[in-house]
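Trainee: Okay, structure incoming, though there's no sequence with it:
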Ligand SMILES: Nc1ncnc2c1ncn2[C@@H]1O[C@H](COP(=O)(O)OP(=O)(O)OP(=O)(O)O)[C@@H](O)[C@H]1O
């Protein structure tokens, strides 16, 4: 376990990550209920894998949890006082039009890390993600796999208490997927709460501590991963695990 950024972020990474509760949360658009109402608490060790068919509401759930959207009903509560330090990694990385290292320095700057410390932290993170040779390459000309590693490195330098990942590997080849999964487990071992969506059952089996399964905008079950994969309790979950085409 590393304390890479300990001097700059007040909370020790050795503490358990903050718990996240959805209390009667729903998201409506015009006349439609797109998600919920749903209630659950993520307070186990995780990682939590959010699964379900297209349009189930997985991305909405992550965006609400991360604060990119506000619920139209209900409350989202963190166990810690205030909002925890958090980051989100998307299927298509959102990177600034500048070099790889400058993307990381910028993230450190907006999080109030002193200027003198930024360069080393940024270079260390690039090294951790195998990107040292690309430090001065414009981020947007990196390959898809490199861009996703850079997005993870940008999260890494901030030592987040919570990391949301929305289908981070769906556009990647097997080697790049392996690198992302290793990073996810590294974050997890550092004490970061992981909440991640995927369509890939094999990936979910490799990573999940618990599964939050959605269909039709409803949370159908929240169970330990072993239970979900061997004996899902909901009819929708059973159909999903056995490979039926679920809507
Ligand atoms: N900001 C928004 N405003 C209105 N409708 C939205 C918004 N975000 C998502 N939706 C709709 O909500 C539904 C759920 O979308 P969401 O992206 O959460 O599904 P998903 O489970 O992540 O699907 P996929 O697996 O295809 O990515 C979809 O019908 C989508 O069009």
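Mentor: Structure received. In this text, all values refer to a predicted model and were calculated from it rather than measured experimentally.

Trainee: Any idea how many residues pack against residue 139?
Mentor: Look at residue 139: counted by other CB atoms under 10 Å, it has 23 neighbours. To be clear about C-beta, it is placed using only N, CA and C from the backbone, and glycine gets the same treatment.

Trainee: For it, which residues are in contact?
Mentor: 95, 96, 97, 98, 99, 100, 102, 103, 147, 150 (CB atoms under 8 Å, 6 or more residues apart in numbering).

Trainee: just residue 146 next, same as before
Mentor: Residue 146 sits in contact with 131, 134, where contact means CB under 8 Å, 6+ apart.

Trainee: any chance you could map the strands in this protein?
Mentor: 20-29, 32-42, 48-51, 73-78, 86-89, 162-166, 193-197, 210-215, 218-224 (DSSP state E).

Trainee: Now that we have those, can you turn them into a markdown table and tack on distance to residue 143, mean neighbour count and mean pLDDT?
Mentor: Output for these, formatted as a markdown table (distance: least, CB to CB, whole Å; neighbours: other CB atoms under 10 Å; pLDDT from 0 to 100):
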| stretch | distance to residue 143 | mean neighbour count | mean pLDDT |
| --- | --- | --- | --- |
| strand 20-29 | 33 | 17 | 97 |
| strand 32-42 | 33 | 18 | 96 |
| strand 48-51 | 26 | 26 | 98 |
| strand 73-78 | 35 | 14 | 97 |
| strand 86-89 | 16 | 22 | 95 |
| strand 162-166 | 19 | 26 | 97 |
| strand 193-197 | 22 | 25 | 98 |
| strand 210-215 | 31 | 24 | 96 |
| strand 218-224 | 36 | 19 | 96 |
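
Trainee: Who does the most centrally placed residue in the chain form a beta bridge with?
Mentor: When CA atoms, centre = their mean is applied to the chain, the residue found nearest the centroid is residue 164 (1.9 Å). Beta-bridge partners recorded for residue 164 (DSSP bridges): residue 88, residue 195.

Trainee: try residue 29
Mentor: residue 32.

Trainee: Low-confidence stretches in this protein?
Mentor: 1-14, 245-247 (pLDDT under 70).

Trainee: Go through it and flag its longest helix.
Mentor: helix 174-189 (DSSP state H).

Trainee: Output the contacting helices and strands for it.
Mentor: The helices and strands touching helix 174-189, judged by 3 or more CB pairs under 8 Å, 6 or more residues apart in numbering; DSSP states H and E, are helix 144-157, strand 162-166, strand 193-197, helix 201-207.
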